[in-house]
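**Q** From the sequence below, what's the structure:
(2 chains, ligands or ions: 1)
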Amino acid sequence: MAHKATRSSFGEAIVKLGEKDPQIVVLDADLGKSTMTGDFAKKFPERYFEFGIAEQNMISTASGLALAGKIPFATSFACFLVGRYENIRMSVAYSRANVKLVGTHAGVGIGEDGYSQMGTEDIALLRSLPDFVILQPADDRETQAAVQWASLYKGPVYLRFTRQKVHDVHDDHYQFKFGKGDILKSASSKDGHKAKVAIFTTGGVVYNSLKAAEELDKEGIDSSVINIHTIKPLDKDLVLELARAHKQIVSIEDHSIIGGLGSAIAEIVAEAGISTKLLRLGVKEFGYSGSPEDLYEKFGFSIPKIKQSILSFITTESK
Amino acid sequence: MLREMKAKSAQNAFKLEEEEIKRLKEISRDLRVWIIRMLAEAGSGHPGGSLSAIDILTVLYFHTLRHRPQEPQWPLRDRFILSKGHGVPALYACLAKAGYFPMEDLLTLRKVSSILQGHPVAETVPGIEASTGSLGQGLSIAQGFALASKMDGTHYRVFSMIGDGETQEGQIWETAMSAAKWQLENLIVFLDYNKGQIDGPVKEIMDLEPLASKWTSFNWDVQEIDGHDIAQILNAIDRTRGIPGKPHLIIAHTIKGKGVSFMEHKIEWHGKAPTKEERDAAIREIEDTPI
Ligand SMILES: Cc1ncc(C[n+]2csc(CCOP(=O)(O)OP(=O)(O)O)c2C)c(N)n1
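**A** From the prediction side, this is the model:
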């Protein structure tokens, strides 16, 4: 069982892809040691561009490189990339430039550095840009596959990675399917009966969500767990199907409760007129310093906290 | 004998250049008329910064750039990125005249469902390389093209134009640093120094001076010219060829609204369209001014 940060998986993947495709270039703004682009830099110095601490210049330059036929991966912390939202909006999205933005240090899971370095609104911001693909893989295998997919796809992609290590939720047979929800656990109820709860989750909290669901099994609560690696475009059909087949739905993400996966699900379900109640678990305040474990406990992303939240949601709703 | 021949060929070259300058002047006069026509028809837009830029753009599109209007995606073409995107009427006029799309399309500027948006959009308009309109970003995009050109060994040149007001953006100076770091001698940037922006004169809003020495100290090759003098524009571009290892900045002293006396130097003509009467007066003046 690998236990690896998805940013590290990205660092390995981009070297492998760089070997195959000479058009891939990597852009860095003085954070290569943290975004894990060092191996690429060593191997392909002529394809590595160090901008210094100048993210807006990096993002717009990535656009020019892409429009000239390169496949640029522009890397920084998620918060510093979307801090230059308007460059992403204009230089990348509106030029339909084939740029891959790589935001590491997603969510409160980064730990001690605190809020200033946490990407907690990035999905909300980028989700509003037309035709912008957003990928957030949950483990090593999925990251390798997602990065490869992004390198082959023509168009703007945002890739969101964790600083902290994550446990595998997939085995060797895993196949990444762009735009499709990845069902990690299916509820067992049959004969047209509605199952209890469908849990949609993404990124650094997928493993804990899955474990919490297994804990809920022991309490007799039948659940499905869906890993959403493609946040945009979201797998609408699956969301609707599961919203209809379950009594309740839950979203869990290490991102602001506003504008992320939970919001995207709410939009789809409400627009379809489905009355299944939704509980959104996410970040509701500024993040702060602490160990990743302590913060996951505080922000409600530990296994016991997730279990507890879902239990009380279900009981209140059943009354 | 030899001396005579040399003198004669120098004379011929001089005559050729005279003819070429006259040809370019005629084109830019014609395009000035189109800029006025299209803005009047659109009912909004930016005459001041279009008229200050048009002589430079004319030289680029009708003399300097290697490009194929019938094959806009020709991979080896030189690139031009208009970083001061609001000056796009000048660029659209050049593109149409060069044959990228019909001249009549110019009169659809800013109308719903026209390809000619109020600011440049990549992909939808033949000849437009990148979407711009948020000041400060286009120069970085041009830098991206210049990097790619060097990596690929294709050696196409990348031209860009920034505004003087635009030069107040921090991103311009980030690019000033990085383009020098990467020694982008294939990047040639015009700074349209027309001395005006929206809220007033550049000097009062946020003075750029000393401007040339700022760029020189950032390790750029810097020239200063009269941006309405075709010969000076041609010579400045020529001169960049001989200077390796540095990106090039050509500070072009220009007049905002150049060619229409009631617009020249007037801040209020930054971003409003002429009425029908103003249009007619402007066109008359442009056409009556000897080249
Ligand atoms: C980032 C950004 N801020 C503000 C504007 C609005 N704006 C459009 S034109 C302009 C003035 C530009 O002045 P300058 O660069 O000198 O252009 P010129 O005088 O050549 O028209 C401003 C502020 C913008 N387009 N982009």
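
**Q** which residues of the stretch 51-200 of chain A fall in helices?
**A** For the stretch 51-200 of chain A, applying DSSP state H, counting those that start in this stretch gives helices covering A:55-67, A:78-82, A:85-87, A:122-127, A:140-152.

**Q** Tell me which of those helices sits nearest to the ligand.
**A** Checking the helices of the stretch 51-200 of chain A against the ligand by C-beta to the nearest ligand atom gives helix A:85-87 as the closest, at 7.4 Å. Backbone N, C-alpha and C define where each C-beta goes, glycine included.

**Q** Setting aside sequence neighbours, what's the nearest residue to A:K307?
**A** A:A212 (4.4 Å; C-beta to C-beta, 6 or more residues apart in numbering or on different chains).

**Q** Now do the one you found against B:G257, distance only.
**A** Shown here: A:A212 relative to B:G257, a distance of 67 Å by C-beta to C-beta, to the nearest Å.

**Q** Please identify which of these two sits among more neighbours.
**A** When A:A212 is set against B:G257 and neighbours are counted by other C-beta atoms under 10 Å in any protein chain shown, the residue ahead is A:A212, at 28 against 25.

**Q** Highest mean neighbour count out of the helices of the stretch 51-200 of chain A?
**A** Comparing those by mean neighbour count (mean count of other C-beta atoms under 10 Å in any protein chain shown), helix A:55-67 ranks first with a mean of 30.

**Q** Report whether that one contacts the ligand.
**A** No. Helix A:55-67 lies out of reach of the ligand by C-beta under 6 Å from any ligand atom, never closer than 10.6 Å.

**Q** Show me what that helix is packed against.
**A** If contacts are counted by 3 or more C-beta pairs under 8 Å, 6 or more residues apart in numbering or on different chains; DSSP states H and E, helix A:55-67 sits against strand A:24-28, strand A:71-77, helix A:78-82, helix A:85-87, helix B:138-152, helix B:170-181.

**Q** Same list, the ones you listed, but as TSV with mean pLDDT and distance to A:H105 please.
**A** Output for the helices and strands packed on helix A:55-67, formatted as TSV (pLDDT from 0 to 100; distance: least, C-beta to C-beta, whole Å):
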stretch	mean pLDDT	distance to A:H105
strand A:24-28	98	14
strand A:71-77	98	4
helix A:78-82	98	6
helix A:85-87	98	17
helix B:138-152	98	24
helix B:170-181	98	22
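
**Q** Which single residue in the stretch 151-300 of chain A comes nearest to the ligand?
**A** Counting by C-beta to the nearest ligand atom, the stretch 151-300 of chain A gets nearest to the ligand through A:P156 (20.2 Å).

**Q** Now do the helices in the stretch 201-319 of chain A.
**A** A:206-218, A:236-245, A:261-271, A:292-298, A:303-318.

**Q** Neighbours of the residue nearest to A:K211 when sequence neighbours are not counted, how many?
**A** In space, and not counting its chain neighbours, A:K211 is closest to A:I303: 4.7 Å by C-beta to C-beta, 6+ apart. Counted with other C-beta under 10 Å, residues neighbouring A:I303 total 18.

**Q** Ok, A:T120 next?
**A** Count around A:T120 with other C-beta under 10 Å applied: 26.

**Q** most centrally placed residue in chain A?
**A** A:Q136 (2.5 Å; C-alpha atoms, centre = their mean).

**Q** so it sits right up against A:L234, yeah?
**A** No. Between A:Q136 and A:L234 there is no contact under C-beta atoms under 8 Å: 11.6 Å.

**Q** which neighbours do the two share?
**A** A:I228 (C-beta atoms under 8 Å, 6 or more residues apart in numbering or on different chains).

**Q** Quick check: bridge partners of the nearest residue to A:R47 once chain neighbours are set aside?
**A** Nearest non-adjacent residue to A:R47, counting by C-beta to C-beta, 6+ apart: A:V25, 4.6 Å away. Under DSSP bridges, the beta-bridge partners of A:V25 are A:P72.

**Q** Next, A:S34: secondary structure please.
**A** helix (DSSP: H, G, I helix; E, B strand; the rest coil).

**Q** residues touching the closest residue to chain B within the stretch 101-250 of chain A, list them.
**A** At 11.4 Å from chain B, A:G155 is the closest residue in the stretch 101-250 of chain A, using C-beta to the nearest C-beta. Neighbouring residues of A:G155 by C-beta under 8 Å, 6+ apart: A:96, A:98, A:131, A:133.

**Q** residues in contact with the closest residue in space to the last one that isn't next to it in sequence?
**A** By that I understand A:V133. Spatial nearest neighbour of A:V133, chain neighbours left out: A:V157 (4.5 Å); criterion: C-beta to C-beta, 6+ apart. Counting by C-beta under 8 Å, 6+ apart, A:V157 touches A:99-101, A:132-135, A:150.

**Q** All set, thanks.
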